[in-house]
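S.K.: got a predicted structure here, sequence first:
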Amino acid sequence: MDPNVYVEVYDPERVWDGTTLLADNHIPGEPRIIEVNMEGEIVWEYVLPEDLPPASDVELLPNGNILFVTDKGLYEIDRDGNIVWSYLDEKVSHDADRLPNGNTLVVFGGDDQIDDAHVKEISPEGEVVWAWYAKDHFYKEPYKDIYEAGWTHTNAVTRLPNGNTMISLRNFLLTVEVNPEGEVVWSYDWSSLGIEPHEPELLPNGNLLIALHGGGKKERAVEVNPKTGEVVWEFNIPGLIGLRDADRLPNGNTLLCGGAFLDEGPKVLEVTPDKKIVWQLGVKGVKGTPEDHQKWFYKAERISAVAPQISIVSPENETYPPGEIEISIDYVDVDLGAIWYRVYDRSNDKWVTDEVTCLRNVWSDGLTFEGTEEGPRTVTLDEGEYTLYVRAESTGWGNENLLERKVVNTTEASVDFTVEAKPSEVTPTPTPTPTVTATTITPSKPERPEVTVAKGKIQASIPKIEAGKAEIIMVEKADIPLRYMRISVRNSVNDVQITVNRLEEKPPSVTVDVEGKVYQYFEISHQNIASSDVSKVLLEFTVEKSWIKANNIDRHTVSLQRYGENGWSKLPTYEVDEDPENVYYKAESPGLSIYAISGITVTPTPTETETPTPTPTKTVAPSPTASPSPTSSPSPTATPSPTPTETTTEKKGESRCIIATSTFGSELAPEVQFLRGFRENVALKTFAGSQFMRVFNAWYYSFSPPVAAVIASNEPLKAVMRPVLLPLLKILQLAVTVNSAFSFNPELAIVLTGLVASSLIGIVYFTPVTLAFLYLAKRRWKYLPKPGKLTVLLTPWLVSLALICLGEATLSATLMMAATGAFIIFTIALTAGAISLKILQHH
């Protein structure tokens, strides 16, 4: 406890809960790195050795270690303070990032000279594998004669998902993007907003967030649209001098650090989007004067309080007969990034399975996971002694780029088990408690809830739920469609009683009807816990396919609705799994109440014959969203009965962007994750989008597997395909911005998204082909049609748009598939044709 470090503002309801990691230099001669909780208590610290100068940038690494920058070099320490890696170089400063490939990216801007390398990428062995020199691009007017604490005073660097590097050149008032060859491909001039830009951060919406240090006159954090220059958000900080850092947090708040107030000293602030300070950290005995400048904070990093909690449900520490052993891993985390598992044969000292990965979709909110490879939910084992190893990572997804995963917490767990032909009597021992390597405290595993079952009713007694943590309650029962709940609380509670009641009909107290066809009502009540203490409830529930078919329900419209003061509200609901009898969904609720599971009935389209199309047999990839119940083994095949309105066309590999995966080398590649995220969380979240994806998938997967195989085996072809796909990524990023702007009406938003995306695709990809065709046609036949002739395309385009509206009104899947497919095709044709004719006529 340091009485000089204190928190003076703290609004628990509005902050992003966690600890804050930063360099603290306010004690003369004792520079240190500290981690403080929301109350200002120091939960971990590291005092730098006497021969080291103070640190500036501090970063938590995936392995739980700390990377920091000093004027003597880079250092990585473990949580016990041991230096495990270093790179000694006095020409480093300000900012360093550990890259996914294990290399470290660092800048030099402290008294830098013209001939210095301003950015270096350093391998674990200490070799400089890439460097960027500002002189190659900026040794010219008006930059060559600038000098203020160095020539460029480069103060930040970020490796972007496209492989380029974003660099902050403070003295030039520029943020630049350079490609791997070092060429400047883009730049942004901050001179109109203030002076001395620091720590530019690319946000998921494509905007830039930056801290502008203006000598106390223009001190502010700014979010700007780099394409238009529009300032979309800013926070002025009257009286603050020396702002250095602005980080966007997952809840939309912004963490600000650097500098000091004249009479109050250095500060770290957390500010809401409506510009309210909800957390403020300060230091006593330090003032905002030039004499105390070296004692100010520089940068800070918020570490999520919700470290991933994982538990191994199956196998347990028991003996099993030879054959299939079920793998079931349970998890709780608001921003879980990935789960890995692997089985080790202790009898023969070898791994018996490859590492299986389940990765969070970067667009999701932590409720949906997809396997990154075809992996078993069961493993087949002979007799022996085995260990299942599991690890999980928490991404801190809101702190960096949308496409750049930044791990901030790691958890590991394991369990020993035996496979034996004749099971012997063994005494079960508890599963080892996962060790959270990202903090200095190892949480103890709470007692499991005691659950009692009666007809139409389930009661659970929970001894304790700790603040910021969650408790899992298994409630699966034949006559209640709810499978399990995860209840997260803001404050610790004891002796919690949870009751789930199946309701045969809408309760008399509920006066408002639910939208759509109701599958089941149920109520969740609670005792010994205030409603205000419940921060979030995750619920998994099932819906029988027979009900979906009998009522002509579009399964993508199934949702969980919660009853509250303002009537029914539709909760975020996601389809996560299926078996031959059921479809499994997850939903997130802000509290406990009366619920209804409902779906929208669609009008069946009559056909001459209805021949069921079987779904091909497939191996089910492991997914943490699957039921953690050890009693429900997934079926190796899934053959859903077709409804009268749709035909199943699912194919093996359809869940993957296989051409992009082959091009970028891995499903973990951020470009692939972006494409999957666009599909899952933009297109498939709407009726129009989901029906178009059915058409698109049928076309795409008719040719993509052999194409992907050729690309995967041909490195030169990969190099060609990457720049080919890059415009598509940029187009879809712009389309996402359009979608967000019209999010108040998701169906309208997806139509406008499709219009923008297909128009740009027509311009970028099809205009060159159309130009070439028309040019050759003109040379051969001496004829070029006038743009007015395109009305032959405009008419069906307008018809397709009208049919989309009709499809929305009737919820006809067949009509919507035909209409959206035609709409996209004619939009591309119109755009490419009009622009090509205009160009040729002009020339």
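M.R.: Sure, I can see it. The shown structure was predicted, so the numbers you read here are calculated from the model rather than taken from an experiment. Numbers count the residues shown, from 1 in each chain.
S.K.: residue ranges with poor pLDDT in the stretch 451-600 of the chain?
M.R.: By pLDDT under 70, the weakly predicted segments of the stretch 451-600 of the chain are 468-470, 476-478, 576-577.
S.K.: mind listing the strands for it?
M.R.: Along the stretch 451-600 of the chain, counting by DSSP state E, counting those that start in this stretch, strands occupy 457-465, 470-474, 482-489, 493-503, 517-527, 534-544, 559-564, 567-570, 573-578, 582-589, 594-599.
S.K.: nearest to Pro180 among those strands would be which one?
M.R.: strand 573-578 (37.3 Å; CB to CB). For every residue, glycine as well, the C-beta is placed using N, CA and C.
S.K.: tell me where this structure has helices.
M.R.: With DSSP state H as the criterion, the chain has helices at 135-138, 545-550, 658-664, 670-678, 687-700, 704-712, 715-741, 746-761, 767-781, 791-810, 813-842.
S.K.: what are the buried residues along the fifth one?
M.R.: Pointing back at helix 687-700 there. In terms of neighbour count (16 or more other CB atoms under 10 Å), helix 687-700 has its buried residues at 687-697, 700.
S.K.: could you do stretch 122-137 as well?
M.R.: When neighbours are counted by 16+ other CB under 10 Å, the buried residues of stretch 122-137 are found to be 122, 130, 132, 134-135.
S.K.: which of the residues you listed fall in strands?
M.R.: 122, 130, 132 (DSSP state E).
S.K.: tell me how many other residues surround Phe297.
M.R.: 25 (other CB atoms under 10 Å).
S.K.: OK, contacts around it?
M.R.: Contact analysis of Phe297 by CB atoms under 8 Å, 6 or more residues apart in numbering lists 22-24, 244, 257-260, 266-268, 283.
S.K.: again, only this time at 10 Å
M.R.: Contact analysis of Phe297 by CB atoms under 10 Å, 6 or more residues apart in numbering lists 22-26, 242, 244-245, 257-260, 265-268, 281-283, 286.
S.K.: name the nearest residue to it, sequence neighbours excluded.
M.R.: Counting by CB to CB, 6 or more residues apart in numbering, Phe297 lies nearest to Pro266, which is 4.4 Å off, once chain neighbours are set aside.
S.K.: contacting residues for the residue nearest to Leu592 when sequence neighbours are not counted?
M.R.: Closest residue to Leu592 apart from its sequence neighbours, by CB to CB, 6+ apart: Ile524 at 4.4 Å. Applying CB under 10 Å, 6+ apart to Ile524 gives the contacts 458, 460, 473, 475, 482, 485, 487, 498-501, 537, 539, 562, 589, 591-595.
S.K.: which regions of the stretch 601-750 of the chain sit below the pLDDT cut-off?
M.R.: Short version for the stretch 601-750 of the chain, where the test is pLDDT under 70: 603-656, 666-670, 673, 680.
S.K.: ok, now with 80
M.R.: Residue ranges of the stretch 601-750 of the chain with pLDDT under 80: 602-658, 661, 665-674, 676-677, 679-681, 684-685, 701, 705, 743.
S.K.: go on, the stretch 201-350 of the chain?
M.R.: Applying pLDDT under 80 to the stretch 201-350 of the chain picks out residues 204-205, 213-219, 237-242, 250-251, 258-266, 285-296, 304-311, 313, 329-340, 349.
S.K.: if we use 70, what do you get?
M.R.: 214-218, 259-263, 265, 287-294, 305-309, 331-338.
S.K.: that older thread, Phe744: which of the strands of the stretch 451-600 of the chain is closest?
M.R.: Nearest to Phe744, of the strands of the stretch 451-600 of the chain and by CB to CB, is strand 567-570 at 14.2 Å.
S.K.: neighbouring strands - and their directions - for the closest one?
M.R.: Using DSSP bridges, the strands paired with strand 567-570 are strand 559-564 (antiparallel).
S.K.: from the buried residues of stretch 122-137, pick the one nearest Leu203.
M.R.: Out of the buried residues of stretch 122-137, the member with the shortest distance to Leu203 (by CB to CB) is Trp132, at 23.6 Å.
S.K.: the closest one reaches Val106, doesn't it?
M.R.: No. Assessed by CB atoms under 10 Å, Trp132 is found out of contact with Val106, at 11.3 Å.
S.K.: which residues are common contacts for the two?
M.R.: Common contacts of Trp132 and Val106 (CB under 10 Å, 6+ apart): 117, 119-121, 157.
S.K.: neighbour count and pLDDT for those residues - can I get that in a markdown table?
M.R.: A markdown table is the format used below for those (neighbours: other CB atoms under 10 Å; pLDDT from 0 to 100):
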| residue | neighbour count | pLDDT |
| --- | --- | --- |
| Ala117 | 18 | 87 |
| Val119 | 23 | 93 |
| Lys120 | 23 | 94 |
| Glu121 | 20 | 94 |
| Val157 | 25 | 94 |
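S.K.: could you check how many residues crowd around the closest residue to Asp354 other than its chain neighbours?
M.R.: Nearest non-adjacent residue to Asp354, counting by CB to CB, 6+ apart: Arg342, 7.2 Å away. By the criterion of other CB under 10 Å, Arg342 has 18 neighbours.
S.K.: also Asp382?
M.R.: Number of residues near Asp382 (other CB under 10 Å) recorded here: 11.
S.K.: next: the one 10 residues further on.
M.R.: Counted with other CB under 10 Å, the neighbours of Ala392 add up to 25.
S.K.: so it touches Pro62, yeah?
M.R.: No. Ala392 is not in contact with Pro62 according to CB under 10 Å; the separation is 11.3 Å.
S.K.: hang on, the earlier thing: okay, and which of the contacts of Phe297 map to strands?
M.R.: Among these, the ones falling in strands (DSSP E) are 22-24, 245, 257-260, 265-268, 281-283.
S.K.: wait, what's in contact with Val451?
M.R.: By CB under 10 Å, 6+ apart, the neighbours of Val451 are 458-462, 473-477, 498, 500.
S.K.: and of those, the nearest to Leu776?
M.R.: Using CB to CB, those come closest to Leu776 at Glu476, 65.5 Å.
S.K.: quick one on the thing from earlier: so can I have TSV of the buried residues of stretch 122-137 showing pLDDT?
M.R.: Listed next are those as TSV, based on pLDDT from 0 to 100:
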residue	pLDDT
Ile122	93
Trp130	93
Trp132	93
Ala134	92
Lys135	91
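S.K.: closest one of the residues you listed to Trp296?
M.R.: Using CB to CB, the buried residues of stretch 122-137 come closest to Trp296 at Ala134, 26.7 Å.
S.K.: pretty sure the closest one is touching Ser187, no?
M.R.: No. Using CB under 10 Å, Ala134 is not in contact with Ser187; the gap is 12.0 Å.
S.K.: can you list residues touching both of these two?
M.R.: By CB under 10 Å, 6+ apart, Ala134 and Ser187 have these common neighbours: 167, 169, 172, 174, 176, 178.
S.K.: okay, and which of the residues you listed map to strands?
M.R.: 167, 169, 174, 176, 178.
S.K.: closest one of these to Ser311?
M.R.: Ile167 (43.2 Å).
S.K.: count of residues packed around the closest one?
M.R.: 27.
S.K.: what's the separation between Leu560 and Ala749?
M.R.: Distance, Leu560 to Ala749, using CB to CB, to the nearest Å: 22 Å.
S.K.: quick one: Asn25 from Ser593, how far?
M.R.: Distance, Asn25 to Ser593, using CB to CB: 50 Å.
S.K.: so those two - more neighbours on which side?
M.R.: Using other CB under 10 Å as the criterion, Asn25 and Ser593 rank with Asn25 on top: 24 against 18.
S.K.: and the closest residue to that one other than its chain neighbours, how far is that from Pro28?
M.R.: Among residues not flanking Asn25 along the chain, Pro54 sits closest, at 4.3 Å (CB to CB, 6+ apart). Distance of Pro54 to Pro28, computed by CB to CB: 11 Å.
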